[in-house]
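Participant: Model the structure of this input:
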Amino acid sequence: MLVVGFPVGQLQANCYVLAPEKNGPCVVVDPGQDAVEAVRSHLDQHGLTPEGVLLTHGHFDHVFSAGLLCGAYGIPAWIHPEDAYMIGDPGAALGPEGRQLFEGVSVTVPHELRDLRGATTLEIAGIRFTVHHAPGHTEGSVLFETATEEGGRLLLTGDTLFAGAIGRTDLPGGDHEKILRTLSSRVLSLDDETAVLPGHGPTTTVGRERAANPFLRDLGVPGGTAG
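Facilitator: Numbering: from 1, shown residues only. As a prediction, this is how the structure comes out:
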């Protein structure tokens, strides 16, 4: 599997392009601010054609360019409905002070937004994803898990889990207890070798975070211990 990750925008959010192989279809995950040209560059470099956009949650630094990409390539975007309102109103989840940052800013909403509520699997561009609703950072946060042809597993975590940290929960829709439950049930239940592709910062693994992430060390795993 081809996996290309690169930071975009002022907050350096990670955007990912995943494809079974070069010169074929692909999926784009979390195209945030100023992502269009970077995405196009990687698509051209590897001969890829996007078939859809996946959004881990609705914060502007992860969705800002989704509408532009969807319009340019005639493709749909998938998001959990709890977070869909943020795409057209990027200041809505930032509180009163943060909302002022987007006064007068026009945002292009994807022409076709598909609903992830209740979805457990999703196949795009020949890649089969397991979809985990993962509330905590936002009400509509999701994790996308997939297997590689080489036998590994990938987990795209958005802002739910980072290397050495977890997502903030002090913005509207955030809930610290919920994110801890999500991490326990959706992340720590996975094998240690699962590669974690977070929304910011470097990649990591479930095992590394289980051992060293201070927010995970004291969490239990429902039904037993993974690893």
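
Participant: tell me which helix or strand of this structure sits lowest on mean pLDDT?
Facilitator: helix 95-99 (a mean of 71; mean pLDDT, DSSP states H and E).

Participant: Which stretches in the chain count as helices?
Facilitator: 36-46, 60-63, 66-73, 85-88, 95-99, 176-182, 206-212 (DSSP state H).

Participant: So which of those helices is nearest D191?
Facilitator: helix 206-212 (6.7 Å; CB to CB). Where you see a C-beta, it was placed from the backbone N, CA and C, and this is true even at glycine.

Participant: Name the residues that touch the least confident helix or strand of the chain?
Facilitator: Applying CB atoms under 8 Å, 6 or more residues apart in numbering, the contact partners of helix 95-99 are G91, A92, L171, P172.

Participant: Next up, the contacts around the residue nearest to the second one when sequence neighbours are not counted.
Facilitator: With sequence-adjacent residues excluded and distances taken as CB to CB, 6 or more residues apart in numbering, A92 is closest to M86, at 5.5 Å. M86 makes contact with G58, H59, F60, V63, A92, A93, T138 under the criterion CB under 8 Å, 6+ apart.

Participant: Repeat the analysis, applying 6 Å as the threshold.
Facilitator: M86 is in contact with G58, A92, A93, counting by CB atoms under 6 Å, 6 or more residues apart in numbering.

Participant: so who does the last one touch?
Facilitator: If you count contacts by CB under 6 Å, 6+ apart, A93 has them with M86, L171, P172, G173.

Participant: between those residues, which has the most around it?
Facilitator: Within the contacts of A93, neighbour counts (other CB atoms under 10 Å) peak at M86, which reaches 25 neighbours.

Participant: Now find how far off-centre stretch 68-87 is within its chain.
Facilitator: For stretch 68-87, the separation from the chain centroid amounts to 13 Å (computed by CA atoms, centre = their mean, to the nearest Å).

Participant: Any buried residues in that stretch, and which?
Facilitator: Neighbour counts over stretch 68-87 (16 or more other CB atoms under 10 Å) mark 68-70, 73, 75, 77-80, 82-84, 86-87 as buried.

Participant: Cool, thanks, talk later.
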